[in-house]
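missing the sequence, but the structure's below:
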């Protein structure tokens with residue numbers, strides 16, 4: 001049976017907030033846009049994505065570990081910065097992950113697996129994990145996992 005390749009999706013509002021260095025302003029001939037996704041080591045890789053309106057999935061209940069909130073308070077990180085991370089997560093900007101992890105998240109949108117994003121605010125590394133059933137999204141430090 002032939003397989004069809006599904007294009008990764010990204011929320012239009014998240015795409016528009018990407019730094020200009022990561023997005024290409026002209027659509028491709030098939031209606032997709034090209035972005036540079038961040039890799040785990042800070043390198044980027046190029047990818048065509050389909051833009052959609054609104055969030056890609058529900059976040060469910062949002063919780064954070066005590067250790068993370070303590071580190072963020074000490075670093076002077078605002079609630080608005082955390083809200084922006086959640087917006088990126090739910091919009092398909094998975095942050096700084098290995099290319100394979102980006103692909104796993106794109107697949108998770110289709111098959112319903114867990115979604116993991118990784119970001120950095122100030123000196124604090126943050127993971128955002130939405131469970132497979134979309135009931136809970138947890139913000140934590142990698143050390144808390």
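Right, received. Where do you want to start? In this text the structure is predicted, and so the values were computed from the model without any measurement.

what bridges to residue 36?
Going by DSSP bridges, residue 36 is paired in beta bridges with residue 46.

can you give me the helices for this structure?
Taking DSSP state H, the helices of the chain run over residues 12-17, 66-75, 79-91, 99-111.

so what's residue 55 up against?
Neighbour list for residue 55: 11, 90-91 [criterion: Cβ atoms under 8 Å, 6 or more residues apart in numbering]. (Each C-beta comes from the backbone N, C-alpha and C, glycine too.)

of the residues you listed, closest to residue 71?
If you rank those by distance to residue 71 using Cβ to Cβ, residue 90 comes first, at 22.6 Å.

that closest one touches residue 54, doesn't it?
No. Counting by Cβ atoms under 8 Å, residue 90 stays clear of residue 54, with 9.0 Å between them.

so where's this structure shaky on pLDDT?
1-5 (pLDDT under 70).

quick revisit: find the residues that touch each one of residue 90 and residue 54.
What both residue 90 and residue 54 touch, as defined by Cβ under 8 Å, 6+ apart, is the set residue 11.

and those two? which has more neighbours close in?
Neighbour totals were compared for residue 90 and residue 54, and residue 90 leads with 21 against 9 (other Cβ atoms under 10 Å).

for the more buried one, which non-adjacent residue is closest in space?
residue 55 (4.2 Å; Cβ to Cβ, 6 or more residues apart in numbering).

same thing with residue 7?
residue 50 (4.6 Å).

could you list every residue that touches the one you found?
Counted by Cβ under 8 Å, 6+ apart, residue 50 has contacts 7-10, 31-32.

residue 117 and residue 45, how far apart?
Using Cβ to Cβ, to the nearest Å, we find residue 117 at a distance of 16 Å from residue 45.

just residue 132 next, same as before
For residue 132 relative to residue 45 (Cβ to Cβ), the value is 26 Å.

cool, residue 107 as well?
From residue 107 to residue 45 the distance is 16 Å (Cβ to Cβ).

name the nearest residue to the residue positioned nearest the centre of the chain, ignoring sequence neighbours.
Nearest to the geometric centre of the chain sits residue 94, at 2.2 Å (Cα atoms, centre = their mean). Using Cβ to Cβ, 6+ apart and skipping the chain neighbours, the partner closest in space to residue 94 is residue 117 (4.6 Å).
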